[in-house]
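>>> turn this into a structure:
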Amino acid sequence: MNRVFIIVLILPFILTLTMGQELKYERKSISYVDVLLVSNPEIKIEGKQASYLTKKLREYIEMPRFDYNPIPEELVADFKSELGSRGSSISLDEIVELLKEKFVPKIIEILDIEKEIRAQGLLTEAQRNSFIATKAKALGITAEQAMKIMNSAFIYVPVISKYNTYAYGQTYTVELSAGVVWYRVVYSEDGTSNLKLTVKKETRGIGVGTIGKEIKHEGEKVDYKEYAFRTAAIALARDIQVAIRDIPEFRLGAQVAEVYSNAISFPMGKREGIKIDDGFDLVELQENPSGGVIQKKIGFARVIQVADNRSNPNRFSKARVIIGRGLEPGIYVSERPRLPIDLLVSLKSNPFTITLTDFWSGEKQVETMIGYSIHGELLYNLGRNLNISQLWVGGGLSIGGGSAENLDIMKSIFGDKPDVSILEYNAVLIKRFYLPYRFSVVGRADLVGEIVNFSKNDAELNHSGLGFSLGLGIEYIATPDINVGLGLGYRFFSESEEWEGG
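Model (predicted):
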């Protein structure tokens, strides 16, 4: 059967009113239900993969900062029935309309119980409980379930909307897509409730496996198809988690406890799911002329030490101040969630040496060319998993060229100045060390492969080499998300006189 998962989450919104509590983190609860629904016939997810996808969505959505309570299936029965009766081609917009028609009114009816209690003047605890129990019974749920939903103010729905597979050469690719929908519960002056569509976006996860290869993943051996599916599911779930964390009402926030010369500490840690290198804006609360409170960003910090506050809430995490000077107690930290992935783009120059050895005399003629290229790298923050700040691994590709104007050796071979192209690929390990005043020092080690091509008309010569390089650079943190810098490196390539072409 072709299936799609919808996880419906209801989240409470706690609005604090005093200036001192404006950014204080409050532990929230999430009500959820796993619903297996028929969707587009192109989506074919087997039972084992369906279970894995559900597991990963729950694993990444259920962050330690929230408490969790299931939504009774009775509240989604009409939604499931209507969705099934509409056939197999259901778009994200149709899902949104169907939720609005068959599910949202029931949630609003529960949310409005408090308004009815006030309107009828039910003041005693016994009166309130009796009224809630009566309303809940009419909906086919318990009073306890109704009370958990009454404090909710958000509905979050991820919908798996695409599942494609591709095979090219030895590479097998899985692509999963999800539509993410957020509703906010809003109240009018007369106390009635409604839902406002807050966010609707598409997110995607891609996984890759090598055809015919078995890989050990999460403690068990899986084939290339299963591995590609699992990595796509993890990428998708991780992206959905970031979407949740990036909603302002659910960003972690706390008042700074201690301020040092280049660091701060604050009362959050493993209990809230904080990890090494998580970013936090430094915020100062100010009163505007109209008497309201505004948040002014005055800096940025990254976590360098995560406190285990699960058993001892008095332990504080520590963060390195990256942007900001002259900080004083009384400021706040506000979460700035990002994926642990960086994209590096650079302009590179490197020399290329050509040596011609005379067959008879053994004398060597050496000429040097400077090559230029555009380099791109995709980096993953490995240090978050090893508890080491700013440790990155990744790979990259360079495309460029150079001028053979001063290469008499190549001119003699081709009869004229040839065209030059350079292709380079690398695997890299990077460690960054932060300095005061927005600067950092970056050390890197690369395994480098290089192919240099000389061509003219139908003739060409190719030279390839594999080597190792070490580099050192300095960066300026322009914004919390953008660094600019300069670097120098030295490459170790063994000499080779092998050329290919004709």
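>>> for residue 384, give me its contacts.
275, 276, 277, 340 (CB atoms under 8 Å, 6 or more residues apart in numbering). Yep, even glycine has a C-beta here, placed from its N, CA and C like the rest.
>>> same check, this time on residue 92
Contacts of residue 92 by CB under 8 Å, 6+ apart are 159, 161, 179, 181, 200, 202.
>>> how does it look with 6 Å?
By CB atoms under 6 Å, 6 or more residues apart in numbering, the contact list for residue 92 reads 159, 161, 179.
>>> by pLDDT, give me the weakest of those.
Lowest pLDDT among the contacts of residue 92: residue 179, with 71.
>>> now do the phi/psi pair for the closest residue in space to that residue that isn't next to it in sequence.
Closest residue to residue 179 apart from its sequence neighbours, by CB to CB, 6 or more residues apart in numbering: residue 92 at 3.8 Å. Backbone torsions of residue 92, given as degrees, to the nearest 10, read phi -60, psi -40.
>>> can you get me a residue count around residue 72?
The local packing of residue 72 (other CB atoms under 10 Å) involves 19 other residues.
>>> quick check: buried residues in stretch 229-247?
229-241, 243-245, 247 (16 or more other CB atoms under 10 Å).
>>> and that stretch, what's its mean pLDDT?
Mean pLDDT, computed over stretch 229-247, is 83.
>>> which residues touch that stretch?
For stretch 229-247, the external contacting residues (CB under 6 Å, 6+ apart) are 49, 53, 56-57, 60, 158, 174, 176, 178, 180, 203, 205-207, 217, 337, 339.
>>> any idea how far the residue nearest to residue 500 when sequence neighbours are not counted lies from residue 409?
Nearest non-adjacent residue to residue 500, counting by CB to CB, 6+ apart: residue 462, 4.7 Å away. From residue 462 across to residue 409, the span is 15 Å (CB to CB, to the nearest Å).
>>> same question for residue 237.
For residue 237 relative to residue 409 (CB to CB), the value is 55 Å.
>>> and for residue 270?
Remark: distance between residue 270 and residue 409 (CB to CB) = 62 Å.
>>> mind listing what's buried in stretch 78-97?
For stretch 78-97, a neighbour-count test (16+ other CB under 10 Å) marks 79, 80, 83, 90, 92, 95, 96 as buried.
>>> mind checking which of these land in helices?
79, 80, 83, 92, 95, 96 (DSSP state H).
>>> for the first one, give me its contacts.
Residues counted as contacts of residue 79 (CB under 6 Å, 6+ apart) are 102, 103.
>>> which helix in this protein has the most residues?
helix 224-245.
>>> so after that helix, what's the next helix or strand?
Sequence order places strand 253-255 as the next helix or strand after helix 224-245, per DSSP states H and E.
>>> how distant is that next one from the center of its chain?
22 Å (CA atoms, centre = their mean, to the nearest Å).
>>> show me where the stretch 401-502 of the chain has its helices.
Applying DSSP state H, counting those that start in this stretch to the stretch 401-502 of the chain gives helices spanning 408-414.
>>> oh sorry, the question was meant for the stretch 251-400 of the chain
Using DSSP H, counting those that start in this stretch, helices in the stretch 251-400 of the chain cover 383-386.
>>> hey, where'd the strands end up in it?
Counting by DSSP state E, counting those that start in this stretch, the stretch 251-400 of the chain has strands at residues 253-255, 258-259, 263-266, 279-287, 293-305, 317-323, 332-335, 341-357, 364-381, 391-402.
>>> so which of the ones you listed is the most surrounded?
Of all those, strand 332-335 carries the top mean neighbour count, a mean of 24, counting by mean count of other CB atoms under 10 Å.
>>> which among the contacts of residue 384 end up buried?
Among those, those classed as buried by 16+ other CB under 10 Å are 276, 277, 340.
>>> just the closest of those residues to residue 120, please.
Using CB to CB, residue 340 is the member of the buried ones among the contacts of residue 384 that lies nearest residue 120, at 52.0 Å.
>>> wait, the closest one touches residue 381, no?
Yes - in this structure residue 340 lies within contact range of residue 381 using CB atoms under 6 Å: 3.7 Å.
>>> run a quick neighbour tally on residue 198.
Neighbours of residue 198 (other CB under 10 Å): 15.
>>> wait, isn't it in contact with residue 182?
Yes - when contacts are counted by CB under 6 Å, residue 198 is listed as touching residue 182 (4.4 Å).
>>> what's the neighbour count on the closest residue to residue 483 other than its chain neighbours?
Leaving aside its chain neighbours, residue 483 sits nearest to residue 475 (4.4 Å; criterion: CB to CB, 6+ apart). By other CB under 10 Å, 18 other residues sit near residue 475.
>>> check contacts around the residue positioned nearest the centre of the chain.
The residue lying closest to the centre of the chain (CA atoms, centre = their mean) is residue 339, at 2.6 Å. Going by CB under 6 Å, 6+ apart, residue 339 touches residue 242.
>>> distance check, it against residue 277.
12 Å.
>>> so what sits against both of these two?
Common neighbours of residue 339 and residue 277 (CB under 6 Å, 6+ apart) do not exist.
>>> where does the stretch 201-350 of the chain have low pLDDT?
Counting by pLDDT under 70, the stretch 201-350 of the chain has low-confidence residues at 201, 247-250, 287-293.
>>> re earlier: got TSV for the strands of the stretch 251-400 of the chain, with distance to residue 122 too?
Shown next, in TSV, are the strands of the stretch 251-400 of the chain (distance: least, CB to CB, whole Å):
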stretch	distance to residue 122
strand 253-255	35
strand 258-259	47
strand 263-266	42
strand 279-287	38
strand 293-305	34
strand 317-323	44
strand 332-335	39
strand 341-357	53
strand 364-381	53
strand 391-402	59
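>>> out of the ones you listed, which is closest to residue 469?
strand 341-357 (9.2 Å).
>>> elements contacting the closest one?
strand 364-381 (3 or more CB pairs under 6 Å, 6 or more residues apart in numbering; DSSP states H and E).
>>> any idea how far the strand it packs on is from the chain center?
Taking the mean of its C-alpha atoms, strand 364-381 sits 30 Å from the chain's own mean (CA atoms, centre = their mean).
>>> now it - C-alpha only, CSV.
Taking C-alpha atoms only, strand 364-381 is exported to CSV below (Å, rounded to 0.1, in the frame of the first residue of the first chain):
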residue,chain,number,x,y,z
LYS,A,364,66.5,19.1,-16.7
GLN,A,365,64.6,22.2,-17.8
VAL,A,366,62.2,23.4,-15.1
GLU,A,367,59.3,25.9,-15.8
THR,A,368,56.6,27.1,-13.4
MET,A,369,53.0,28.2,-14.1
ILE,A,370,50.6,29.8,-11.6
GLY,A,371,47.1,28.3,-11.7
TYR,A,372,43.9,29.9,-10.5
SER,A,373,40.7,28.3,-9.6
ILE,A,374,37.3,28.6,-7.9
HIS,A,375,37.0,26.2,-5.0
GLY,A,376,33.9,25.0,-3.2
GLU,A,377,33.7,22.8,0.0
LEU,A,378,30.8,21.3,1.9
LEU,A,379,31.7,20.8,5.5
TYR,A,380,30.1,19.0,8.4
ASN,A,381,30.6,19.9,12.1
